[in-house]
Structures are given as structure tokens and as C-alpha cells.
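K.L.:
Sequence first, then the predicted structure:
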Amino acid sequence: MGFLFDVRLQGEYFLLYVLEDGEMKVFSRKYPLQVYLRGRSKRLTEIAKKLKKIGLVSDFRFEKKTEYLTGERIEVLRLDTFRYEILSKYLKRHVNDLELFNTGIPPETYFMSLTGLFPSALVEVSDTIRLLDSEMDFKWSLPDMRVMEMFLRGPENTALGSRGVSLIVRAEGIEFELTASNTRDFLKELRRIVKEYDPQIVLTDYGDKLIFPVLRRMERAYGIDTGLNMEMAARGVSFISYGSVFYRAPSYYLSGRWHIDRKNSFMYKEAGIEGIVEISRISRIPVQRLARSAIGTAMSALEYDAAIRNGILIPGEKAQSEDFRPLGNLLTSDKGGLVFTPPVGVFKNVAEIDFSQMYPTIMVKYNISPETVRRYGKGRVVPETGYVIDMSRKGIVPMALEKVLKKRAIYKKLKNIDPRYNERQKAIKWILVTCFGYLGYRNARFGKIEAHESVTAIGREILLKAKEIAESRGFTILHALTDSLWVTKDGMTGQDVEELVRDISNSTGISIDVEGTYRWIAFPSSKGVRGVGVPNRFFGVFEDGKIKIRGLMLRRRDVPEFVKKAQKEFISSIARFDNPNPEIVESIGRKIFRRYQIEIKEGILPYHEFVISIRVRRNWKDYKTTTKTAQVLRILSESGINLNPGEVAHYVLTDGVTAAFPYQESMNFDLNHEEYLKLLQRAFDEVIDPFTWEKRYPHKKTVQLSIKW
């Protein structure tokens, strides 16, 4: 019995890396993948014979499969191939008169969906592969594996081989520091370390961007193999997501080892190795690829798997575009989530209740999927929009999400028993958080805006129903945001909240979690419109003393660390009081502010706490005005460091001709104390604002907008 460590496609063979009793064994399997074509029979037979003649197809035959949009059984031509990726590209380029299905799926994921295998499964391999595990098993555990860490010591954003940069290697508690001044000796020493410790997991910081690209070039130039077995699997790319620019570094995989770049893996940051392996198991994406993938990639894989295992054809391209609609229909349907803007001020004894995974639960419960939501026909009518949901067949999206919801429910119950379960449920949570957005993504194969709008329409209906139930029980709604409510009433008790939650759950069919009851919660005013609260910007202290903060400066990346620490200290000091009045708050604020003011001017604070981090939106030459970011990027470029759009630049505010300077270049520059004090003042004003609102504006009333879409 072994642990399915990895699956890699090499040529026409799938390589199965199986870890058995600490030894890595490699098995090869030649297994055909399928592509399907629809069109005229004569044309299909003609193209199939041609493809077989040139060696792209091993076999072909006609068979019946389920069409994705209509649910009908249709006749298609099945092409079996050992050269799946080449065939897929060939058909897209040269065959324009036929419909293509099941192309462009990552081959390892496709192979595992067809065979029922999944990464990290328990298997028995002989002449056949016997699966001894289930992706739904929650008691799985990782075998003991040797771990090696690699990172650079030296100036930030500087690659291996640069002046003043050394490679730090850690294994079994021993640290090695290697310099590349003599490249040949450097490679030989690294080879010795890798051979001696033979790691199965290699954890790096910026390995994809700054270590392995240089190491690979060194190996080729000097003909010395370090034994890491590196392979560049994907190039670096900048991309836009939800209006922000991000950069994904190149991907360097290791054969027979896992390389996880801690600085190039969102999932590692959020949920560690346990979270990566959990999502890898349920999505059938190999660990190294999953570690670098966006969550949408995992969602797509879950949908592919649901389709493949249920005999549903996967469109080669997005199956349908948005229909033309009257303007009135757009205004009615495309509203988004329901929001009740909070009033400005401080409120006592407030309960926060959240619908548990509202949107994914709606998608499963109401069978919402691109192929089930229609503008006309028979089925369940979506409120406001007039769309109709076909309940006669199960949609692909609900199929994909069902097992995800089930597993997270199990892990949430066990998360306090074992920290591993908590990491796994956090990883799954990100699929549930992003699946709704992916449903409306214009390029998603299983995306459709009408399905996206149906989810928000039902969500609004549910939140309104919850509001009505709460108000019928004497509660006041202070704030509502998509799937959460902040409620209060005179003399409110824990039992009152429990009864409210039970009533709402029974009425809506969606479970609700009680986030907690605040001793007090503060809602600051909008900076643009005084007297109007801001959705999801608040801070408060629960009955158990835990503090919750959303939307304030300490949650932002582009704020120096000392400002975040000062704001957090200010709020923590206020949180000790059950009833902090304006005088107490202002007094505490003055003391903390003055202390930081002195520490700034006298140079007591550590230099690194003044660093501001900002995500680069474009190349420095493309900036039309000389902003601080443009100045920093220009200086970095002149130093030989070119950041791609989406990467993060770190700088400090300086007192001189140049307003901002890169952090690693700025040690000889004086800091602009006045600019930093302005940032500190803004952070303190955010906290003071809700406590002193009535005192500062005695004749103004705070405004609570009833509904905001």
C-alpha cells in the first residue's frame, strides 16, 4: 500500500509517483483520454481517419453522451488519444466546422477523473491500480516526509547569484549558507546537501521567481545536476481580478518532490500544506499545480470532474454568452447583494448573525447552474428577475459544490479537536467564497450571468425575510450585508438570539451561525458623506473580550506597520471599558499618539515599521504622472530590479527631493516625519469618529440608508 504522491504526464505516459515505506516508486501507465466532436457523420468519419493516420488518435467510435445545455442524449464522435494536448490544439486551429467537447482540460486531472484516482490517495499498484481511499474521507493523514527549506538572505527582490545574496538551506534542524561566488563549487555543495537529506517536500520563499530560474540556468551552463529535478511548468503572468492587478510568478515543479513556494501560493498562506492537499484531493489537481493555482482553477476542476463522471460533455469554449435584455430587466436583475448601511455611532449589546455559506447553499438547494437557469419555460421562478430554474435535472455546479459543502461541515465540527481539520476547512471555505463570483465570470465554461443574478436575487429575498422575522421579534437591524445581520433590542439575552436564529433557519432552510454578541460596536462615518455609515467598516469587542475589526487602516496593505500597531493598541485600550465615553476615548488616544509622535521624531521605532507596500498596476514607464509608486519603480529599474504589474513594491516616505524611496535602497535617507504623522492621525481619527460624532455635530442626525443594492 502506498501514497499517491504525484501524477505527471510525460510524453504518452502518465507517471505515478507512489511513496511506500519512505521510498519513492514510479509507475508508468499509457492511458487514452477522450475528445468528442459533433457534426455531420461523413465529415466526422473523414476527420477521424485523418487524425488516426497522422498519429493523433489511437481509436474512434460513435457513442451517445449528454449535452450540457439541453440535457439531451446526442450522438458524438469519440476520439481516443495518447497525445491529448497536441490533439486539442490541432482541432482548435484546423477544425472550425465541428463542435468540440472535452478539450483544454489539464490531462492529469482528466486522467484521474476517468480512473477515479486523486492526489494523496492510498493505492495499491501492481499490474493494475487499486484505489483504497475516498476523496470524501476526512480522516486521511499525510505520511512522514522529509522537508527542506530554501530562501535567500540579502537585499529584497534580488535574485540568487546577485551581489550580497546567499542561499539558505535548512534540513533536519541544520542550516547551510551557500554563496554563488564560485558557481561550480556552489552547485556541487547544493547537490551534496540534496543527496544527503533527499527531501520529499521543498518549501521555498520566492523559489519560483528568484531561486530556481537562476539555479536552472547555472545547472545548464556548468553541466552540474543538483538532483532537484527542476522543470519550468508555466511562465510568469500579470492578470486582473476584481479590479486589482496581480502577478503570478513562473512555476517550477520538481519531479518526485513537492515544491511549494510560500510566497507564490495563496493557499499555503491561508491553510498550509494540509489545506493544499485537501483541495488537491477533492479537485484532482496535483499538489504542485494546486499550490500555485487560483481558487477558480479548483472550482473548474470540480466542475470538470462532475461532468466527466456523469457522462456530460464539456464545451470546448464557453457555451453561451449573455442575452440582450431590456434596460429595465438589467436594473431589476443585476442588483447584487442586499445592504443596510449602518448608522454612525457606538451601540451596545449587538448580536452578529451570519448565514452559513449562503450563496453556495443557495446554488445547491435551488439547483442553480448555467444550464438550469432560463429566461422562459417551466420550473421554479426566481424572485424579481422572472428567470426560471429547471428542477428536473441536477446542474453541474450543484453537483460540484455538494461534496465541498459536506466536507466543510464535517471539518467545522472537528476543527477544535485537531488543528489539521481547521486548516482543511479554511481551504474549502475559499472555494465556497469564490464559487459565486466564478458563476458570473465571463470566461468560465460553466458561467452564466443569469445564474449569478439568480443567486443574488434569492439571497436578497432570504435576507429580507430574516429582517422581517427579526423585526417581528422586536429587534432593530443596525446593519445588514449580503449574508450577515447586526441586530439589537433592549434587554437582549443569549436566548433571544438563539430563538431568532432558530426561527430564521427554519423559515429559510439555511443554517445560521452566531458570530457573537458585542459589548459594544462602533460604526465610523463615511469620509465622503459625513453622517452616513460605511458597509463593513466597524470595530467592536465581544462579550468574551475578543476584538473584531473590519475596513480600518490596520487592515490595509499600504499602511506602515507602526500605524497598524498604534491603531490596534488604541482600540485594544478602549476595549477594556464596558462603556467608553468620548472623554475616555480622546484621553487614551492623546496618550498613545504622543508616545508614537516622540518615538518617530527621536528615531526609536524600527526602520522597517515605516515601510509602505503597494501593488504595482503598470510598468514604471507607463505612469503619466510622477506618483510615489512611479518614483520607486524608476529607482528600482535603474538598480536592475524590474517589477511586473501585480507584484508588490516596498518603500518609505523620505524628506528630500525624492518623496519615496525603495526600502532596500533607503537606509541613507531621512524619513518624512510629517507625512507619517498625518497617516497616524488619520488612523486615530477613524477610531475616535464614532465615539465623538454627537459631540462634534450636535445638530446633525446620522443617516441610515434603508436599502442599498
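P.N.:
Good, I have the coordinates.
K.L.:
was I right about residue 172 contacting residue 196?
P.N.:
No: because the distance of 9.6 Å does not satisfy Cβ atoms under 8 Å, residue 172 is recorded as not touching residue 196. (Glycine included, C-beta is placed from N, CA and C.)
K.L.:
How confident was the prediction at residue 326?
P.N.:
As predicted, residue 326 sits at a pLDDT of 67.
K.L.:
Sketch out the helices for the stretch 51-200 of the chain, chain order is fine.
P.N.:
With DSSP state H, counting those that start in this stretch, the ranges of helices along the stretch 51-200 of the chain come out as 84-94, 107-115, 183-197.
K.L.:
Can you pull out the low-pLDDT segments for the stretch 1-150 of the chain?
P.N.:
Using pLDDT under 70 as the threshold, the predicted model of the stretch 1-150 of the chain has no low-confidence range.
K.L.:
can you rerun that using 90?
P.N.:
Applying pLDDT under 90 to the stretch 1-150 of the chain flags residues 1, 22, 96, 125-129.
K.L.:
ok, now the stretch 301-450 of the chain?
P.N.:
Using pLDDT under 90, the stretch 301-450 of the chain drops low at 316-339, 356, 374-378, 384-386, 416, 433-434, 436-449.
K.L.:
What segments of it are helices?
P.N.:
Secondary structure of the stretch 301-450 of the chain, counting by DSSP H, counting those that start in this stretch: helices at 327-333, 358-365, 396-414, 419-439, 449-472.
K.L.:
in stretch 529-546, what counts as buried?
P.N.:
532, 533, 534, 535, 537, 538, 539, 540, 541, 542 (16 or more other Cβ atoms under 10 Å).
K.L.:
That should have said stretch 50-60, apologies.
P.N.:
For stretch 50-60, the buried set under the neighbour-count rule, 16+ other Cβ under 10 Å, comprises 51, 52, 56, 57, 60.
K.L.:
on that earlier part again, any chance of the buried residues of stretch 529-546 in a markdown table, with secondary structure, pLDDT and distance to residue 207 too?
P.N.:
Rendered in a markdown table, the data for those read as follows (DSSP: H, G, I helix; E, B strand; the rest coil; pLDDT from 0 to 100; distance: Cβ to Cβ, whole Å):
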| residue | secondary structure | pLDDT | distance to residue 207 |
| --- | --- | --- | --- |
| 532 | strand | 84 | 47 |
| 533 | strand | 88 | 45 |
| 534 | coil | 89 | 40 |
| 535 | coil | 90 | 39 |
| 537 | coil | 92 | 37 |
| 538 | strand | 96 | 39 |
| 539 | strand | 97 | 38 |
| 540 | strand | 96 | 41 |
| 541 | strand | 97 | 41 |
| 542 | strand | 97 | 40 |
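K.L.:
Could you single out the nearest of the residues you listed to residue 151?
P.N.:
Of all the buried residues of stretch 529-546, the one sitting nearest residue 151 is residue 539; the distance, using Cβ to Cβ, is 35.2 Å.
K.L.:
For the closest one, give the beta-bridge partners.
P.N.:
Legend: beta-bridge partners of residue 539 under DSSP bridges are residue 522, residue 549.
K.L.:
Am I right that it is in contact with residue 520?
P.N.:
No: under the criterion of Cβ under 8 Å, residue 539 lies out of contact with residue 520, with a separation of 9.7 Å.
K.L.:
wait, which of the helices of the stretch 301-450 of the chain is closest to residue 617?
P.N.:
helix 419-439 (20.9 Å).
K.L.:
CA-only coordinates of the closest one in PDB, if you can.
P.N.:
Output in PDB follows, covering the C-alpha atoms of helix 419-439 (Å, rounded to 0.1, in the frame of the first residue of the first chain):
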ATOM      1  CA  PRO A 419      -5.600  21.900  14.100                       C
ATOM      2  CA  ARG A 420      -5.300  19.900  10.800                       C
ATOM      3  CA  TYR A 421      -9.100  19.900  10.400                       C
ATOM      4  CA  ASN A 422      -9.200  23.600  10.900                       C
ATOM      5  CA  GLU A 423      -6.600  24.100   8.100                       C
ATOM      6  CA  ARG A 424      -8.700  21.900   5.800                       C
ATOM      7  CA  GLN A 425     -12.000  23.700   6.500                       C
ATOM      8  CA  LYS A 426     -10.300  27.100   5.900                       C
ATOM      9  CA  ALA A 427      -9.100  25.800   2.500                       C
ATOM     10  CA  ILE A 428     -12.500  24.600   1.500                       C
ATOM     11  CA  LYS A 429     -14.000  27.900   2.700                       C
ATOM     12  CA  TRP A 430     -12.100  29.700  -0.100                       C
ATOM     13  CA  ILE A 431     -13.800  27.600  -2.800                       C
ATOM     14  CA  LEU A 432     -17.200  28.400  -1.300                       C
ATOM     15  CA  VAL A 433     -16.300  32.100  -1.100                       C
ATOM     16  CA  THR A 434     -15.200  32.300  -4.700                       C
ATOM     17  CA  CYS A 435     -17.700  29.900  -6.400                       C
ATOM     18  CA  PHE A 436     -20.400  32.500  -6.600                       C
ATOM     19  CA  GLY A 437     -18.100  35.100  -8.400                       C
ATOM     20  CA  TYR A 438     -16.900  32.400 -10.700                       C
ATOM     21  CA  LEU A 439     -20.500  31.600 -11.700                       C
END
